[in-house]
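Student: Sharing a model prediction with you, sequence too.
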Amino acid sequence: MMTTLNSEDLPRHLANGLKPLYVVMGDALLLATEAADSIRAAARKAGYSERETFVVEQYFKWAELRNSAQSRSLFAERKVMDIRIPSGKPGVEGAQALQDYVANLSPDILTLISLPRLDKTAQNSKWFTALEQHSVVIQADDISRGALPGWLAGRLKRQGQSAESATLEFLADRSEGNLLAAFQEVQKLALLHPAGLLSFEQVKDAVMDVARYDISKLTEAMLSGNAARFARILDGLRAEGTATALVLWAMSEDIRKLGRVLQAMQRGSNISNAMRGARIWGASLSQIENAARRIKFAHIERAMQQAARLDKTIKGLRTGDVWDELLQLGQRFAKAA
């Protein structure tokens, strides 16, 4: 029977004993690496003294996996099979090989399968369903901005430190978009200060600006109506030299998606059907849905008119401050909130 954990719950699970099959999947490299390392360390402690690693790339021979699982070392009765599928696509042969493999798990083998974040089609495939039914799945997804202060508090607690909510928010702002950098800043605080409550000044003085801004987080802030966060990320994109045409395209794309949903709702569709009809899924699903509950279509019409003018500015067909107009366009959604 499938068990699903997030990466933070894994240590407690491992303390209660090991299962024969683990699947680590997600797009947060830090969390995925930590989870895999924890499983391998627990396996070594439990007597799995041999490990074989298989990286599934083009021309990978799946027969090697089957042969290795069936073989036994003269010096180690139990071993770890570390299977890494960076693309998340095992192919037709691999899909069948994985199904056959998990149907005949050996009690002397602990299998660790590492996957990236999978789309809905891959998660519904026969091979992944077979993995789910026999494994403990560890979700190593990136930490959202809203959950980041809590995650930072948990990491500080591990090293005997704590901070007030305002300090955690500051630390989250400074490291948004780069989970590894956030973790490194937490580790730095352990080196600089003793256990106990950290003051805002201690954290402020220790933390460098490690934010890595990306456009998806900009549109997320826009749709949520968070004007301060939108302005901060936009400033970061500007400092990093991001092309204004790319920023406008991303913003306009989400505005159009929201417009299609609102139009469908005006015609009498409920929000769930409107979202499906507009072919919205993945990370933007909840963002568009939440925005659709508080914004009127007239607001979208005005935003698209402003985006059209801004496009002309970027192309040199009219004068204006492009970055300032991008800021104004994003702030429309904060006013609507």
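Tutor: Arrived safely, thanks for sending. Numbering: from 1, shown residues only.
Student: in this structure, which spans are strands?
Tutor: Along the chain, the segments classed as strands by DSSP state E run 3-6, 21-25, 50-55, 79-84, 109-115, 136-139, 161-163, 196-198.
Student: what angle sits between the fifth one and strand 50-55?
Tutor: In terms of direction (axes from the mean of the first three to the mean of the last three CA atoms, to 10 degrees), strand 109-115 departs from strand 50-55 by 30 degrees.
Student: tell me which strands and helices strand 109-115 is in contact with?
Tutor: Other elements packing on strand 109-115 under the criterion 3 or more CB pairs under 8 Å, 6 or more residues apart in numbering; DSSP states H and E are strand 21-25, helix 29-45, strand 79-84, helix 91-102. C-betas here are computed from N, CA, C, even on glycine.
Student: Distance from the chain centre to the last one, please.
Tutor: Translated: helix 91-102. 27 Å (CA atoms, centre = their mean, to the nearest Å).
Student: And it, what's buried?
Tutor: Neighbour-count burial for helix 91-102 flags 94, 95, 97, 98, 99, 101, 102 (criterion: 16 or more other CB atoms under 10 Å).
Student: One more: stretch 326-337?
Tutor: For stretch 326-337, by 16+ other CB under 10 Å, it's 326, 327, 329, 330, 331, 332, 333, 334, 336.
Student: Can you give the domain ranges for the protein?
Tutor: Residue ranges for the domains of the chain, per automatic domain parsing: 3-139, 148-206, 215-336.
Student: could the ones you listed be laid out in CSV, adding mean pLDDT?
Tutor: Compiled in CSV, the domains of the chain are given as follows (pLDDT from 0 to 100):
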stretch, mean pLDDT
domain 3-139, 89
domain 148-206, 90
domain 215-336, 88
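Student: re earlier: could you say which one of the helices and strands packed on strand 109-115 comes nearest to residue 63?
Tutor: helix 91-102 (8.3 Å; CB to CB).
Student: Please name every helix or strand in contact with the closest one.
Tutor: The contact analysis (3+ CB pairs under 8 Å, 6+ apart) places helix 91-102 against helix 62-70, strand 109-115, helix 126-134.
Student: what about dumping the CA coordinates of stretch 304-321 to CSV?
Tutor: This file holds the C-alpha atoms of stretch 304-321, laid out as CSV (Å, rounded to 0.1, in the frame of the first residue of the first chain):
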residue,chain,number,x,y,z
MET,A,304,-5.1,44.0,-21.6
GLN,A,305,-5.4,47.5,-23.1
GLN,A,306,-2.6,48.7,-20.9
ALA,A,307,-0.5,45.6,-21.9
ALA,A,308,-1.1,46.5,-25.6
ARG,A,309,0.2,50.0,-25.0
LEU,A,310,3.2,48.7,-23.2
ASP,A,311,4.0,46.3,-26.0
LYS,A,312,4.2,49.4,-28.3
THR,A,313,6.5,51.1,-25.8
ILE,A,314,8.8,48.1,-25.8
LYS,A,315,8.9,48.1,-29.6
GLY,A,316,9.7,51.8,-29.7
LEU,A,317,6.4,52.8,-31.2
ARG,A,318,5.5,55.1,-28.3
THR,A,319,7.5,56.8,-25.5
GLY,A,320,7.4,55.8,-21.9
ASP,A,321,9.3,54.1,-19.0
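Student: List the beta-bridge partners for residue 139.
Tutor: residue 6, residue 25 (DSSP bridges).
Student: pretty sure it contacts residue 9?
Tutor: No. Residue 139 sits out of contact with residue 9 when judged by CB atoms under 8 Å, with a separation of 9.5 Å.
Student: any idea how far the nearest residue to residue 187 once chain neighbours are set aside lies from residue 15?
Tutor: Distance criterion CB to CB, 6 or more residues apart in numbering; nearest residue to residue 187, sequence neighbours excluded, is residue 159 at 7.8 Å. Per CB to CB, to the nearest Å, residue 159 is found 19 Å from residue 15.
Student: Mean neighbour count, the helices and strands packed on strand 109-115: which tops it?
Tutor: Each of these was scored by mean neighbour count; the highest is strand 21-25, a mean of 24, by mean count of other CB atoms under 10 Å.
Student: and that strand with strand 79-84, angle?
Tutor: Going by the same axes, to 10 degrees, strand 21-25 makes 20 degrees with strand 79-84.
Student: List the buried residues for stretch 287-301?
Tutor: By neighbour count on 16+ other CB under 10 Å, the buried set for stretch 287-301 is 287, 288, 289, 291, 292, 295, 299, 300.
Student: From residue 200, how far off is the first one?
Tutor: When distance is defined by CB to CB, residue 287 is 30 Å away from residue 200.
Student: And for the fifth one?
Tutor: Between residue 292 and residue 200 the computed distance is 37 Å (CB to CB).
Student: again, but for residue 289
Tutor: Taking CB to CB, one finds residue 289 at 35 Å from residue 200.
Student: swap in residue 85?
Tutor: Distance, residue 85 to residue 200, using CB to CB: 44 Å.
Student: cool, and residue 244?
Tutor: Relative to residue 200, residue 244 is positioned 35 Å away (CB to CB).
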